[in-house]
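> no sequence on this one, just coordinates:
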């Protein structure tokens, strides 16, 4: 039976390998850029909210740092290491 996965085209296979190896790095870079953009957007929204006088809390001096401090970041390795040390 014919299987198209075994066809090799000169020059295509090495490019596919390079792309496959660089994909995790590209994904990480894109996610970091997206996260920075989301934090900037959240800071702009928070500025509008504080300018309107709606919040009942004190306005942070550095809005971006305040939001970055409260953003969820997954850190599974650290949690696993803590669990191993506790056991």
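Looks like it arrived, so ask away. What you see is a predicted model; the values in this text were computed from it and never measured.
> C-alpha only now, for contacts and for neighbours.
Fine.
> downstream neighbour of the longest helix seen in the chain in the secondary structure list?
Secondary structure assigned by DSSP state H gives helix 12-52 as the longest helix of the chain. Going down the chain from helix 12-52, the next helix or strand is helix 63-70, by DSSP states H and E.
> Can you give the contact residues for that next one?
39-40, 42-43, 46-47, 60 (C-alpha atoms under 8 Å, 6 or more residues apart in numbering).
> Now, of these, which are buried?
Applying 16 or more other C-alpha atoms under 10 Å to the contacts of helix 63-70, the neighbour count classes 39-40, 42-43, 46 as buried.
> Is it possible to get JSON lines of the residues you listed that adds distance to residue 32?
Below are these laid out as JSON lines (distance: C-alpha to C-alpha, whole Å):
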{"residue": "39", "distance to residue 32": "11"}
{"residue": "40", "distance to residue 32": "12"}
{"residue": "42", "distance to residue 32": "15"}
{"residue": "43", "distance to residue 32": "17"}
{"residue": "46", "distance to residue 32": "21"}
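> so can I have TSV of those showing distance to residue 25 and pLDDT?
What follows is the buried ones among the contacts of helix 63-70, written out as TSV (distance: C-alpha to C-alpha, whole Å; pLDDT from 0 to 100):
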residue	distance to residue 25	pLDDT
39	21	90
40	23	92
42	26	92
43	27	92
46	31	92
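> nearest to residue 21, of those residues?
residue 39 (29.0 Å; C-alpha to C-alpha).
> quick revisit: who does the longest helix of the chain touch, helix- and strand-wise?
helix 63-70 (3 or more C-alpha pairs under 8 Å, 6 or more residues apart in numbering; DSSP states H and E).
> so the helix it packs on versus helix 12-52, what angle?
Between helix 63-70 and helix 12-52, the angle comes out at 110 degrees (axes from the mean of the first three to the mean of the last three C-alpha atoms, to 10 degrees).
> Tell me the buried residues in helix 63-70?
Under 16+ other C-alpha under 10 Å, the buried positions of helix 63-70 are 63-64, 67-68.
> ditto for stretch 25-36
Here stretch 25-36 shows no buried residue, counting by 16+ other C-alpha under 10 Å.
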